[in-house]
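Undergrad: generate a structure from the sequence data that follows.
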Amino acid sequence: MLRLVGILVTVLFAVGAAVLTWPSFFRVERHYPIAQIISFRGVVVLGFAVLMVIALLLAIARPIRGLALSIALVAGLAAVAGGITMWSRGLGTDTLPAKTESSIRVMTWNTAGSATSAETVARIAVAMDADIVTLPETTIETGEQVAIAMGELGHPMWAHHAEYGTDGWDARSTTLLISPDLGDYAVIESSQDGSSNTSTLPSAVAMPTSGDGPIVVAAHAVAPRPSYMQHWRDDLQWLADQCSTANVIMAGDFNATVDHMGQLGVDGGALGLCHDTASDTGNGAIGTWSTDMPALLGAPIDHVMASSGWKATGSLVLRSLGDSTSDHRPLIVQLEPAG
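TA: Purely as a prediction, here's the structure:
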């Protein structure tokens, strides 16, 4: 009987390990509580490694040696598989290539509202030579201050935004800054009135009104809290739908890792036609949230996505935030026109 119980426990553990390692294969990546657990792949990998060590130590006891060794084997395989996945997405780079005449640099940073001053955002954006800056949880008043400060530093920007109400909660506003070098832009009406937008927190879709610049989407999906799961799933589908042409750049707080995007990609894309540029350039496993955790253990939920008209040549996740107390790290990506 004890042996049968051991086999059953091992089988159940193996199934659980497989689900957490390859959630999209089982199509459970957007279901509670799997969605929350797999957000932190680094923690999951570390957890399996710790379980493997504990199981090996327990194998000293003869009565449970078989079970312990079986658990150790499964945990070890899961840790290795998860580690390989993280390695393939990128464990971190800390430089950007030199900018060319055709380069576009995109910076996204969930500023957590008043946790980050306009001066701090402006200083970092100018230092990164950003042409597009998406700022979830940032009001247009703060965004305009950022644009003015950047202009005073010799880096002018136009400020755009979308907001849901004026109840004083900064998360209900998303600001987008675009360099005049890319031409004139306007946020589409459906972003402004919310008739076609993310469900709870606003995203801003900006279309070029002059020039041939990309469609720019400043994204903010709601977090996958238990009571918001369907809203979160709807938000990810809406964002995927925005990435339907070859000339789209979408950046912001997706509250989702690439593990959550299974079946939402089209023609090889991770989300609609868009690919995840951090994963393309060696930073896909670096957590942008929360800053309270080491970057390799955090959740990479802030993204710069681009469709086939753009190729990522480098990326950077900033670890130093100046005087900001935001719980998100900024992500900067350099893009070049494809072909």
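Undergrad: okay, CA-based contacts and neighbour counts for the rest of this
TA: Noted.
Undergrad: confidence score at Leu331?
TA: We have a pLDDT of 98 for Leu331.
Undergrad: next up, the contacts around it.
TA: Leu331 makes contact with 107-109, 288, 302-304, 315-318, according to CA atoms under 8 Å, 6 or more residues apart in numbering.
Undergrad: look up the closest residue to it, ignoring the ones flanking it.
TA: Val317 (4.6 Å; CA to CA, 6 or more residues apart in numbering).
Undergrad: surely that neighbour and Ile286 touch.
TA: Yes. With contact defined as CA atoms under 8 Å, Val317 counts as touching Ile286 (7.4 Å).
Undergrad: which of the contacts of Leu331 count as buried?
TA: Buried by 16 or more other CA atoms under 10 Å: 107-109, 288, 302-304, 315-318, out of the contacts of Leu331.
Undergrad: out of those residues, which are inside strands?
TA: Those of those mapping onto strands are 107-108, 302-304, 315-317, per DSSP state E.
Undergrad: one step back: which of the buried ones among the contacts of Leu331 lies closest to Arg3?
TA: Arg3 has its nearest neighbour among those in Thr288, at 44.5 Å by CA to CA.
Undergrad: the closest one and Asp302 touch, don't they?
TA: Yes. Contact criterion CA under 8 Å: Thr288 and Asp302 qualify, at 6.1 Å.
Undergrad: of the ones in strands among the buried ones among the contacts of Leu331, which is the nearest to Phe48?
TA: Relative to Phe48, the closest of these is Asp302; by CA to CA it sits at 25.3 Å.
Undergrad: just give the nearest non-adjacent residue to the closest one, would you?
TA: Asp253 (4.4 Å).
Undergrad: ok, that neighbour - how many residues close by?
TA: 27 (other CA atoms under 10 Å).
Undergrad: state the distance from it to Thr138.
TA: Remark: distance between Asp253 and Thr138 (CA to CA, to the nearest Å) = 12 Å.
Undergrad: in CSV: the buried ones among the contacts of Leu331, plus distance to Ala147 and pLDDT.
TA: Formatted as CSV, those follow (distance: CA to CA, whole Å; pLDDT from 0 to 100):
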residue, distance to Ala147, pLDDT
Met107, 14, 98
Thr108, 15, 98
Trp109, 15, 98
Thr288, 24, 98
Asp302, 22, 98
His303, 22, 98
Val304, 21, 98
Ser315, 23, 98
Leu316, 22, 97
Val317, 22, 97
Leu318, 21, 96
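Undergrad: can I get those in TSV with distance to Leu182?
TA: Output for the buried ones among the contacts of Leu331, formatted as TSV (distance: CA to CA, whole Å):
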residue	distance to Leu182
Met107	15
Thr108	17
Trp109	20
Thr288	27
Asp302	23
His303	21
Val304	18
Ser315	20
Leu316	22
Val317	24
Leu318	25
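Undergrad: nearest to Ile60, of those?
TA: Relative to Ile60, the closest of the buried ones among the contacts of Leu331 is Thr288; by CA to CA it sits at 40.4 Å.
Undergrad: can you list the low-confidence ranges for the stretch 151-300 of the chain?
TA: For the stretch 151-300 of the chain, residues meeting the criterion pLDDT under 70 lie at 166-168.
Undergrad: got a list of what Thr175 touches?
TA: Counted by CA under 8 Å, 6+ apart, Thr175 has contacts 134-140, 143, 159-162, 204, 218.
Undergrad: so who does the residue nearest to Thr198 when sequence neighbours are not counted touch?
TA: Among residues not flanking Thr198 along the chain, Asp235 sits closest, at 5.0 Å (CA to CA, 6+ apart). Contacts for Asp235 were tallied using CA under 8 Å, 6+ apart; they are 197-199, 221-222.
Undergrad: hang on, Asp327 packs against Asp292?
TA: Yes. Taking CA under 8 Å as the definition, Asp327 is a contact partner of Asp292 at 7.1 Å.
Undergrad: name the residue in those two with the higher neighbour count.
TA: Asp327 (18 against 11).
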